[in-house]
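Participant: Compute the structure for the input listed below.
(one chain, ligands or ions: 1)
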Amino acid sequence: MLNIAIDGPAGAGKSTIAKIVSKRLGILYLDTGAMYRSVALKALKEGIDTKDRLSLVKVADCIDICIKYRDNEQRIYLDKEDVSECIRTPEVSRAASDVAVVPEVRLKMVEIQRGIAAGNEVVMDGRDIGTYVLPNASLKIFLTASIEERAMRRYNEQKAKGITDIDLEEVKKDIELRDKNDSSRAFAPLSKAEDAVQIDTTKMTIEEVADKIISLVKRKI
Ligand code: CDP
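Facilitator: Numbers count the residues shown, from 1 in each chain. Presented below is the predicted three-dimensional model:
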């Protein structure tokens, strides 16, 4: 069963690349960040302090997260509501990084992720896929890019969505804070698996990165 793990820090291009690679291989794409974002959205909606671990455990206990595919596109449902778009705000990004620290939250998300990988060939992107979720993945990729490039990509992404009240320096600070949070947590932190291939995408086009991963997949199978 072909399982590809793509990990890396915020804005390295994981989801863009994972989508293209999954399409070219004709297999599923699972964006695990969307799950942590959904937990964060629920916590924010309920007015819970995202640093309050006990309350977050309670949120995770009764959360209903469901992944569906529409025209091969992942949609994520939180308590039966499609939240695929509204989990993309900077506020939810920050909160996601907080809720992702809590082991009970992670264990619940990882159970869903492993369930999907057990029944499907999949390209999965996140922070701990190669190190924790799928330690036996067929191929592990660790995508990086300079902080300036990653901030610029996220800034342009928001602009393209019509969001105008953003500041590049703020975006950069948010990403730096999230990277620090994600790398320093005790349980399943962001890190490169020993057997992952690291690709620095700073000066590469999306197509070049996707081609490189496809050629690595072909070498493996
Ligand atoms: O797209 P971007 O890289 O900005 O973020 P994302 O992949 O949607 O993930 C949002 C947040 O969820 C991250 O900052 C992590 O804190 C958390 N996350 C995680 O801890 N483990 C994963 N496998 C995926 C995401």
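Participant: Any chance you could note which residues of the protein sit beside the ligand?
Facilitator: By CB under 6 Å from any ligand atom, the residues of the chain that approach the ligand are 10-11, 15, 32-33, 36-37, 93, 96-97, 100, 126-129, 178, 182. C-beta: built from backbone N, CA, C; applies to glycine.
Participant: In strands, which of those fall?
Facilitator: Those of the residues of the chain next to the ligand mapping onto strands are residue 126, per DSSP state E.
Participant: Angles on the backbone of residue 11, please.
Facilitator: Phi and psi for residue 11, reported as degrees, to the nearest 10, are phi 80, psi 10.
Participant: Report the secondary structure element holding the residue nearest to it when sequence neighbours are not counted.
Facilitator: What sits nearest to residue 11 in space, not counting adjacent residues and going by CB to CB, 6 or more residues apart in numbering, is residue 150, at 3.2 Å. Assessed by DSSP states H and E, residue 150 sits inside helix 147-160.
Participant: Mind listing what's buried along that helix?
Facilitator: 147, 149-155, 158 (16 or more other CB atoms under 10 Å).
Participant: go on, stretch 184-197?
Facilitator: Buried-residue list, stretch 184-197, by 16+ other CB under 10 Å: 185, 188-193, 196.
Participant: Now render those as TSV, adding secondary structure and pLDDT.
Facilitator: Output for those, formatted as TSV (DSSP: H, G, I helix; E, B strand; the rest coil; pLDDT from 0 to 100):
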residue	secondary structure	pLDDT
185	coil	95
188	coil	95
189	coil	96
190	coil	96
191	coil	96
192	coil	98
193	coil	98
196	coil	98
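Participant: Columns distance to residue 216 on top of the residues you listed, output as TSV?
Facilitator: Listed next are those as TSV, based on distance: CB to CB, whole Å:
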residue	distance to residue 216
185	28
188	24
189	24
190	21
191	20
192	15
193	14
196	11
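Participant: Spatially central, which residue of the chain would that be?
Facilitator: Ranked by distance to the mean C-alpha position of the chain (CA atoms, centre = their mean), the top residue is residue 33 at 3.1 Å.
Participant: any idea of the pLDDT on that one?
Facilitator: Residue 33 is assigned a pLDDT of 97 by the prediction.
Participant: Also residue 71?
Facilitator: On pLDDT, residue 71 comes in at 84.
Participant: And it, how close does it get to the ligand?
Facilitator: Per CB to the nearest ligand atom, to the nearest Å, residue 71 is found 21 Å from the ligand.
Participant: do the same with residue 2
Facilitator: From residue 2 to the ligand the distance is 19 Å (CB to the nearest ligand atom).
Participant: and the closest residue to that residue other than its chain neighbours, backbone torsions?
Facilitator: Leaving out its chain neighbours, the residue that sits closest to residue 2 by CB to CB, 6+ apart is residue 121, at 4.3 Å. For residue 121, the backbone dihedrals (degrees, to the nearest 10) come out as phi -80, psi 140.
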